[in-house]
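Undergrad: Mind looking at a prediction? Sequence and model below.
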Amino acid sequence: MADVHLDAPYRFLGTGGEAQRQQVRNTFQRTCRLAVEDKYDLMLISGDLFDSNIVSESTADWVVSRLKDTAIPVCICPGTHDCLDSRSVYRDGRIKWPSNTRLFNDPDQQTLSLPELDITIHARPNTSTRSSESPIRGIRRAGATRWEVAMAHGSAVIPGKVENADFPIEPEEVKSTGLDYIALGHWHTWGDYSAGAVKAIYPGSLEKMEFGGGGGTVASLTLSPEGAAVEKREVGARRMEEAAISVAGMREVGDLPREILSLADPNLALRVTLTGLSDMSLQIDPAALETELAPGFFFLQILDSSHPLLKDIPDELFPERLVIGKYVRLMAERIEQARHDPESLSLLEDALRVGVAALQGRKVF
Ligand SMILES: [Mn+2]
């Protein structure tokens, strides 16, 4: 596994952040238990076990207990959030790790052999949060054991797509390690970056960490005479998704709540973006709608990115004699003038939407 990010703030979930931090702990505990129940021989944590190097005593105690319960050997390498800098949580003495835990906390000590499993683990701990150096530079098969794997927290270089990333890992480098497997970390979505005969996999973050993002998965590795075989296992409990709902042609809120509620799931954090050209008479209060529908979800956010369609300004809603009516008509004129300037157009449409909401006394931000 990689990228557990214990105690990550999950600020984008607002008051749901605390519940999500607890979920990450539950999922970590469940994954440790799974390792025991399904008789795994070894657990690798390829960086970002912690969301930062500032780890509370209670979190440290909790992790130590979970690892101790796991009983099998656990190898941990520092990532970027919990890199091996001077204040690193992995520096000697900061945490009293259980005896089954092996840390890569010495840049000069990059290999560890577990003779009972006939395996060697290689890792170069990241010593800063950013670097242009590869975390697998210089790692080569040593030949002392039957199996050899590495842990590396960095970015897979994808020629033509991802080139100037931090802690870059070139496909050619993966290949030339000659290892059986590289347990990657840093990217939060499952990804296969194998090269040549060397398998290299991002397991994804333990729980999803952003709307529409990947994660909630770990990699299960089997080493056999046929080589390395990797299987994706789902461990995450929460879904984090985005939905776009067009309000074009809608004249009243009508079906919108039902449409959003059709997605309801107590384990879903959902961000809904309302899109399309909406009728001027359509009155949507995203904040009120959020409050009304939130109980069906773990977390719900509704953003209004719809743009007002100005062909008919309903006089009953925006009387010409009132400030709001004058404002809408003035903005309609400006929007008409900006028709061929997409940048000002979208700015003016946003201003109209926000201005109308403010003049109607609705919550704007
Ligand atoms: Mn990470």
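TA: Thanks, I have the structure now.
Undergrad: When you work out contacts or count neighbours from here on, use the C-alpha atoms and nothing else.
TA: Will do.
Undergrad: Do a quick rundown of the helices in this protein.
TA: Taking DSSP state H as the criterion, the chain contains helices spanning 17-37, 57-70, 171-177, 256-261, 286-293, 323-337, 342-359.
Undergrad: now those helices as a markdown table including mean neighbour count, mean pLDDT and distance to the ion?
TA: A markdown table is the format used below for the helices of the chain (neighbours: other CA atoms under 10 Å; pLDDT from 0 to 100; distance: least, CA to the ion, whole Å):
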| stretch | mean neighbour count | mean pLDDT | distance to the ion |
| --- | --- | --- | --- |
| helix 17-37 | 18 | 97 | 13 |
| helix 57-70 | 16 | 96 | 18 |
| helix 171-177 | 19 | 97 | 20 |
| helix 256-261 | 14 | 94 | 31 |
| helix 286-293 | 16 | 94 | 30 |
| helix 323-337 | 16 | 92 | 43 |
| helix 342-359 | 16 | 87 | 34 |
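Undergrad: Among the ones you listed, which comes closest to Val235?
TA: Counting by CA to CA, Val235 lies closest to helix 17-37 out of the helices of the chain; the figure is 6.7 Å.
Undergrad: isn't Met1 right next to Leu44, touching?
TA: Yes: taking contact to mean CA atoms under 8 Å, the distance of 6.1 Å between Met1 and Leu44 places them in contact.
Undergrad: For Asp341, grab the count of nearby residues.
TA: 10 (other CA atoms under 10 Å).
Undergrad: What's the local residue count around Ile45?
TA: Using other CA under 10 Å, the number of residues around Ile45 comes to 23.
Undergrad: And the strands in the stretch 101-250 of the chain, which stretches?
TA: Read by DSSP state E, counting those that start in this stretch, the stretch 101-250 of the chain holds these strands, from start to end of the chain: 101-103, 111-114, 119-123, 147-153, 155-156, 168-169, 181-185, 191-192, 199-202, 217-224, 227-234, 239-246.
Undergrad: For those, give me a markdown table that also has mean neighbour count and distance to the ion.
TA: Supplementary listing: those in a markdown table, determined by neighbours: other CA atoms under 10 Å; distance: least, CA to the ion, whole Å:
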| stretch | mean neighbour count | distance to the ion |
| --- | --- | --- |
| strand 101-103 | 17 | 18 |
| strand 111-114 | 15 | 23 |
| strand 119-123 | 23 | 17 |
| strand 147-153 | 27 | 8 |
| strand 155-156 | 25 | 11 |
| strand 168-169 | 24 | 15 |
| strand 181-185 | 27 | 7 |
| strand 191-192 | 15 | 14 |
| strand 199-202 | 26 | 11 |
| strand 217-224 | 17 | 13 |
| strand 227-234 | 15 | 18 |
| strand 239-246 | 17 | 17 |
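Undergrad: Export those as a markdown table, with columns for distance to Arg258.
TA: Output for those, formatted as a markdown table (distance: least, CA to CA, whole Å):
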| stretch | distance to Arg258 |
| --- | --- |
| strand 101-103 | 50 |
| strand 111-114 | 57 |
| strand 119-123 | 51 |
| strand 147-153 | 43 |
| strand 155-156 | 42 |
| strand 168-169 | 46 |
| strand 181-185 | 40 |
| strand 191-192 | 36 |
| strand 199-202 | 38 |
| strand 217-224 | 31 |
| strand 227-234 | 30 |
| strand 239-246 | 12 |
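Undergrad: now those in a markdown table, with mean pLDDT and distance to Leu277?
TA: Supplementary listing: the strands of the stretch 101-250 of the chain in a markdown table, determined by pLDDT from 0 to 100; distance: least, CA to CA, whole Å:
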| stretch | mean pLDDT | distance to Leu277 |
| --- | --- | --- |
| strand 101-103 | 97 | 56 |
| strand 111-114 | 96 | 60 |
| strand 119-123 | 98 | 53 |
| strand 147-153 | 98 | 44 |
| strand 155-156 | 96 | 40 |
| strand 168-169 | 96 | 43 |
| strand 181-185 | 98 | 42 |
| strand 191-192 | 98 | 38 |
| strand 199-202 | 98 | 40 |
| strand 217-224 | 98 | 38 |
| strand 227-234 | 97 | 39 |
| strand 239-246 | 96 | 8 |
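Undergrad: Ser113 is nearest to which of the helices of the chain?
TA: Ranking the helices of the chain by distance to Ser113, with CA to CA as the measure, places helix 171-177 first at 16.7 Å.
Undergrad: now the closest one: how far from the chain's centre is it?
TA: For helix 171-177, the separation from the chain centroid amounts to 27 Å (computed by CA atoms, centre = their mean, to the nearest Å).
Undergrad: Can you list the neighbours in contact with that helix?
TA: 136-141, 156-158, 182, 193-198, 200 (CA atoms under 8 Å, 6 or more residues apart in numbering).
Undergrad: cool, and stretch 58-68?
TA: Contacts to stretch 58-68, defined as CA under 8 Å, 6+ apart, come from residues Gln29, Cys32, Val74, Ile95, Lys96, Trp97, Pro98, Ser99, Asn100, Thr101.
Undergrad: Can you name the residues that contact the third one?
TA: By that I understand Val74. Leu42, Met43, Leu44, Ile45, Leu67, Asn100, Thr101, Arg102.
Undergrad: Repeat the analysis, applying 6 Å as the threshold.
TA: Neighbour list for Val74: Leu42, Met43, Leu44, Thr101 [criterion: CA atoms under 6 Å, 6 or more residues apart in numbering].
Undergrad: Can I get the buried part of those as one PyMOL selection?
TA: Once 16 or more other CA atoms under 10 Å is used to decide burial, the buried members of these can be selected in PyMOL as follows:
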select buried, resi 42+43+44+101
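Undergrad: now the contacts of Val74 as CSV including distance to Val89?
TA: Conversion of the contacts of Val74 to CSV gives the following (distance: CA to CA, whole Å):
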residue, distance to Val89
Leu42, 22
Met43, 20
Leu44, 18
Thr101, 14
